[in-house]
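Colleague: just to be clear, the model below is a prediction. Sequence and coordinates:
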Amino acid sequence: MKPRRGPAPAARGASAELRILFAANLRKARQKAALSQEDLAAYAGIHQPYVSDVERGVYNVTLETMVNLADAVGVDVRQLLRARRRLSGR
C-alpha cells in the first residue's frame, strides 16, 4: 500500500477555510486602512498581482508573508485569522 501524500482530507478543508478567512479579513483591513492593492504590495514587499490572488484566496500564504501583510495594514496577524461573528437580528 502506498503512503498517502499531503494532508488528510479534513486538514485540507480546514486549510482552505483559513485561507478564505484570511483573504476576506485582509481585504477588509486593507480597505479600512484606505490602501490600494498596489500600496499594500509595496509596504509588504510583494507584487500587486500576488496581493490580488491572496485576497481571492488563491494561494496558501507563508507565515512570513502573512505577518508582512498584517504589518502593512496595521493589524496583528491573529486578527486576520479570526472569524467575525454576526449578531442575529441586526
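Modeller: Received it, and whenever you're ready, just let me know what you need.
Colleague: quick one: contacts for Gln37?
Modeller: 30, 48, 51-52, 55 (CB atoms under 8 Å, 6 or more residues apart in numbering). Placement of C-beta: from N, CA and C, glycine included.
Colleague: one more pass at 6 Å, please.
Modeller: Neighbouring residues of Gln37 by CB atoms under 6 Å, 6 or more residues apart in numbering: 48, 51-52.
Colleague: do the same with Ala33
Modeller: Shown in contact with Ala33 (CB under 6 Å, 6+ apart): 73-74.
Colleague: buried among the contacts of Gln37? Make that a ChimeraX selection.
Modeller: Buried members of those, defined by 16 or more other CB atoms under 10 Å, are picked up in ChimeraX with:
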select :51
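Colleague: sort out for me which of the contacts of Gln37 are in helices.
Modeller: Per DSSP state H, helices hold the following members of the contacts of Gln37: 48, 51-52.
Colleague: can you tell me the element the spatially most central residue of the chain falls in?
Modeller: Centrality entry for the chain: nearest residue to the mean C-alpha point is Phe22, 2.9 Å, by CA atoms, centre = their mean. Counting by DSSP states H and E, the element that carries Phe22 is helix 9-32.
Colleague: average pLDDT for that helix?
Modeller: For helix 9-32, mean pLDDT rounds to 88.
Colleague: contacts only, for the residue nearest to the centre of the chain.
Modeller: Applying CB under 6 Å, 6+ apart, the residues near Phe22 are 80-81.
Colleague: begin at 32 from now on, thanks
Modeller: That works, and once the first residue is 32, the last one we named lands at Phe53.
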